[in-house]
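1. mind folding the following:
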Amino acid sequence: MGGAEGIYEHYPRDIYPRVKKAWGTYAERMLRRKDINGKVLLDREGQPVNPLKSLVCKLRRRIEVSHGSKTHYELPVSDEVFEISTYDPVRDAKYPRGGPCLSHLSFKLDPSNHVRLTAFYRSHFYLERALGNLVGLAQLQNFVAQEAGGGVGSLTLIASEARLESSLGSKKAAAVTEFLAKIGI
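-> Next up, the predicted model:
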């Protein structure tokens, strides 16, 4: 099964269990909401709560009726049905660094119905992770825009802490730090 339904249904059921150790849990957290015991929450129709699908449907309805009005859809912790939070305080409390670095996604429609995405990271490893994360976020943004019927707008990444990885070794890390200082970063 391909397309949106493949992402919404086939991926969490058939693919995610095989790749979760290597790829992490972001996709699962966006596609399935779980309770404190790890059981998938069900909606009023008995279907798994799927925050990404709910978001796309909400954006699609807004695009169909908006005629350029500004609308905002957040994906934080507070409203579990319409929000995508990748941080779960119960599940992630055991991690030494506090669980996933990506903590919040915010989707907004501009007046031209372009979907803008802002991703909030608690911490971000820029040399080892930034490019891959930006590619993945751009793919997610494109998927949401396409499925909602809008265009692709800006993508913004905000990190409350940026790190140069220690795995570079002290000489390489020092060289990168020196380079960044020279260009004013």
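2. which SSE is residue 172 in?
-> Using DSSP states H and E, residue 172 sits within helix 170-182.
3. and the residue nearest in space to the middle of the chain, helix, strand or coil?
-> For the chain, the residue nearest the mean C-alpha position is residue 105 (5.3 Å; CA atoms, centre = their mean). The three-state label given to residue 105 by DSSP: H, G, I helix; E, B strand; the rest coil is strand.
4. surely it is in contact with residue 115?
-> No: with contact defined as CB atoms under 8 Å, residue 105 does not count as touching residue 115 (11.3 Å). Where you see a C-beta, it was placed from the backbone N, CA and C, and this is true even at glycine.
5. quick one: the helices in this structure?
-> 3-5, 16-23, 26-31, 51-66, 89-92, 126-148, 170-182 (DSSP state H).
6. can you tell me what sits against the shortest one?
-> If I follow you right, that is helix 3-5. 53, 56, 143, 147 (CB atoms under 8 Å, 6 or more residues apart in numbering).
7. now for these: which two are most distant?
-> Across those, the longest distance by CB to CB is 11.1 Å; it joins 53 and 143.
8. looking at these two, which is more packed in?
-> residue 53 (19 against 16; other CB atoms under 10 Å).
9. skip the chain neighbours and tell me the closest residue to the more buried one.
-> Leaving aside its chain neighbours, residue 53 sits nearest to residue 8 (5.0 Å; criterion: CB to CB, 6 or more residues apart in numbering).
10. measure residue 40 to residue 180 for me?
-> 43 Å (CB to CB, to the nearest Å).
11. again with residue 6
-> On the measure of CB to CB, residue 6 and residue 180 end up 41 Å apart.
12. show me the residues around residue 156 that make contact.
-> Applying CB under 8 Å, 6+ apart, we find residue 156 in contact with 116, 117, 118, 119.
13. still on that earlier bit, so how far is the helix holding residue 172 from its chain's centroid?
-> 30 Å (CA atoms, centre = their mean, to the nearest Å).
14. could you check the angle that helix makes with helix 126-148?
-> Angle between the axes of helix 170-182 and helix 126-148 is 60 degrees (criterion: axes from the mean of the first three to the mean of the last three CA atoms, to 10 degrees).
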